[in-house]
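# My questions concern the predicted model and sequence given below.
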Amino acid sequence: MRKKTRLIHGGITSDEHTGAVSVPVYQVSTYKQDGVGQHKGYEYSRTGNPTRFALEELIKELEGGCAGFAFGSGMAAITAVMMTFKQGDHVIFTDDVYGGTYRFVSKVINRFGIESSFVDTSETANIEAAITDKTKAVYVETPTNPLLKITDMKKVAELAKSRGLTFIVDNTFSTPYWQNPLEAGADIVIHSATKYLGGHSDVVAGLVVVNSEKTAEDVHFVMNSTGGVLGPQDSWLLMRGIKTLGVRMEEIESNTKSFVEFLETLSEVTTIYYPGLKNHKGRQVHETQAGGYGGMISFDVGSGERAGQVLRNVKYFTLAESLGAVESLISVPAMMTHASIPAQRRAELGITDGLIRVSIGLEDIEDLKEDFLQALRK
């Protein structure tokens, strides 16, 4: 199947008992057993639920893995993956990582003795230099949030394999429609499915796909033990959103390219971060491992004061956390998604007070351009 067809016909697509063309919402906590341990595949919904399983089968097929898992949020998914490691283990992370991931790694999981380092993974040599005898994994975002840095997944996969490390990729920005990290050699793929996969700002969810039965056993053990699972109603909403992922991502791609061309004409915009720009570092690498550039743009308007002016005056861009929705969203990472990162660290990374991040949606692109311009020059 080609990708658009797989989005609709992948996984479990109907109910064999009734012929329903949409998987039912199994709003149930427990299941009747014919005898002790004699059940029909389900015993308790923390361990497994038919609606959630249909979603897990779908994302498994979309990413080309051996097993999928659905969690109550993207952070719950990241937490479960990190809890497969143990005290004394060391994990290398992309330096320009989502603020919530940074907060979890630097202030929560470190309490349990799991150590971390943050390096610019767009240069594979930086990863190699950070490896110690305790290192067990490399965790990257590509493109990153919010500076859209690109990591060469094949090179990192080769390095990780040669050192016996687990290679983890957060694929939230590109989605499996544009990019499949397992095909590039990754061992685990993570999604904040709240974003593009859901696509409608109506569900919070996280997904994990793994490439081996052993890793699947490890993740499921943590999932079942800690219980951060996705409920059946949200699982159903997420499957519904995924069906339109292809058409949404293609239209968003078109809108985003047009908006970037518009930004390039504005004197107030000093720097633009977007993988589709000819001068964007890593563009050529991105083009070898992804089919599109995505709908995320970050750009600097020179100061926090000017950024605040834009945010106060836009009408069609919604000031909000998150991204990947049908409506265009706008934020200032330094004060919102990355506020948990210390100011000095943000400055080192280039996350300035004047940096604006937009997630382009499905509105008429000319309306978005006019709206942004009036807010910028009000």
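All right, it came through fine.
# Now do the strands in the protein.
For the chain, the strands defined by DSSP state E cover 67-71, 90-94, 115-119, 135-141, 166-170, 188-192, 206-210, 271-273, 296-300, 318-319, 329-331, 355-359.
# In this structure, where is pLDDT below threshold?
Filtered on pLDDT under 70, the chain yields no residues whatsoever.
# Mean neighbour count and distance to residue 105 added to the strands of the chain, as a markdown table?
C-beta here means a position set from N, CA and C on the backbone, and glycine is covered the same way. Putting these into a markdown table (neighbours: other C-beta atoms under 10 Å; distance: least, C-beta to C-beta, whole Å) gives the following:
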| stretch | mean neighbour count | distance to residue 105 |
| --- | --- | --- |
| strand 67-71 | 26 | 17 |
| strand 90-94 | 23 | 6 |
| strand 115-119 | 18 | 5 |
| strand 135-141 | 24 | 9 |
| strand 166-170 | 26 | 12 |
| strand 188-192 | 28 | 13 |
| strand 206-210 | 29 | 16 |
| strand 271-273 | 18 | 23 |
| strand 296-300 | 23 | 22 |
| strand 318-319 | 14 | 27 |
| strand 329-331 | 23 | 22 |
| strand 355-359 | 25 | 21 |
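# Could you say which one of those comes nearest to residue 22?
Comparing the strands of the chain by their distance to residue 22 (C-beta to C-beta), the top pick is strand 67-71, with 16.9 Å.
# how many other residues sit next to residue 2?
7 (other C-beta atoms under 10 Å).
# do the same with residue 283
Counted with other C-beta under 10 Å, residue 283 comes out at 15.
# before we move on, the earlier item: could the strands of the chain go into CSV alongside distance to residue 248?
Listed next are the strands of the chain as CSV, based on distance: least, C-beta to C-beta, whole Å:
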stretch, distance to residue 248
strand 67-71, 20
strand 90-94, 26
strand 115-119, 32
strand 135-141, 21
strand 166-170, 20
strand 188-192, 15
strand 206-210, 17
strand 271-273, 22
strand 296-300, 14
strand 318-319, 17
strand 329-331, 14
strand 355-359, 12
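# Nearest to residue 32 among these would be which one?
Using C-beta to C-beta, the nearest of the strands of the chain to residue 32 is strand 67-71, at 23.7 Å.
# rewinding a little: to residue 42, which of the strands of the chain lies closest?
Closest to residue 42 of these is strand 67-71 (C-beta to C-beta; 14.7 Å).
# what's the closest one in contact with?
Outside strand 67-71, the residues that touch it by C-beta atoms under 8 Å, 6 or more residues apart in numbering are 52, 55-60, 77, 80, 193, 205-210, 213, 216, 219-220, 223, 228-230, 235, 238.
# switch the cut-off to 7 Å
Strand 67-71 is contacted by residues 52, 55-57, 59-60, 77, 80, 205-210, 216, 219-220, 223, 228-230, 235 when judged by C-beta atoms under 7 Å, 6 or more residues apart in numbering.
# now it: how far from the chain's centre is it?
Relative to the chain's own centre, strand 67-71 is displaced by 14 Å; criterion: C-alpha atoms, centre = their mean, to the nearest Å.
# what's the answer for stretch 335-355, then?
20 Å.
# re the thing from before, who wins for proximity to residue 311 among the strands of the chain?
Set against residue 311 and scored by C-beta to C-beta, those come closest in strand 318-319, at 5.2 Å.
# Relative to the closest one, what are the paired strands and their orientations?
Taking DSSP bridges as the criterion, strand 318-319 sits next to strand 329-331 (parallel) in its sheet.
# Contacts for the partner strand next, please.
311, 314, 317-323, 337, 356-359.
# residues near residue 159, how many?
Neighbour number of residue 159 under other C-beta under 10 Å is 19.
# Equivalent analysis for the one 5 residues further on, please.
Neighbour count for residue 164, taken as other C-beta under 10 Å: 8.
# picking up where we left off before, in helices, which of the contacts of strand 67-71 fall?
Using DSSP state H, the subset of those located in helices is 52, 55-57, 59-60, 77, 80, 216, 219-220, 223, 235.
# Using CSV, please lay out those together with distance to residue 112 and neighbour count.
Below are those laid out as CSV (distance: C-beta to C-beta, whole Å; neighbours: other C-beta atoms under 10 Å):
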residue, distance to residue 112, neighbour count
52, 27, 26
55, 29, 29
56, 27, 23
57, 32, 17
59, 28, 26
60, 29, 21
77, 18, 28
80, 14, 24
216, 23, 20
219, 17, 23
220, 20, 17
223, 17, 23
235, 29, 27
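# just the helices in this structure please.
Per DSSP H, the chain carries helices over the ranges 3-9, 50-63, 74-82, 99-107, 124-130, 153-163, 175-178, 213-226, 232-243, 245-263, 283-289, 304-313, 343-349, 365-376.
# Break the protein down into its structural domains.
Per the record, the chain has its domains at 3-243, 248-376, by automatic domain parsing.
# got the end-to-end distance for the last one?
It refers to domain 248-376. End-to-end distance for domain 248-376, by C-alpha to C-alpha, to the nearest Å: 27 Å.
# which residue is nearest the middle of this structure?
Centroid check for the chain by C-alpha atoms, centre = their mean gives residue 172 as the closest residue, at 1.9 Å.
# how much space is there between the closest residue to residue 356 other than its chain neighbours and residue 46?
Spatial nearest neighbour of residue 356, excluding adjacent residues (C-beta to C-beta, 6 or more residues apart in numbering): residue 307 at 5.4 Å. Residue 307 sits 43 Å away from residue 46, going by C-beta to C-beta, to the nearest Å.
# how many other residues sit next to residue 243?
Around residue 243 there are 18 other residues, counting by other C-beta under 10 Å.
# Now do the contacts for the residue nearest to residue 52 when sequence neighbours are not counted.
Spatially, and ignoring its direct neighbours in sequence, residue 52 is nearest to residue 235 (4.5 Å; C-beta to C-beta, 6+ apart). Contacts for residue 235 (C-beta under 7 Å, 6+ apart) come out as 51, 52, 55, 70.
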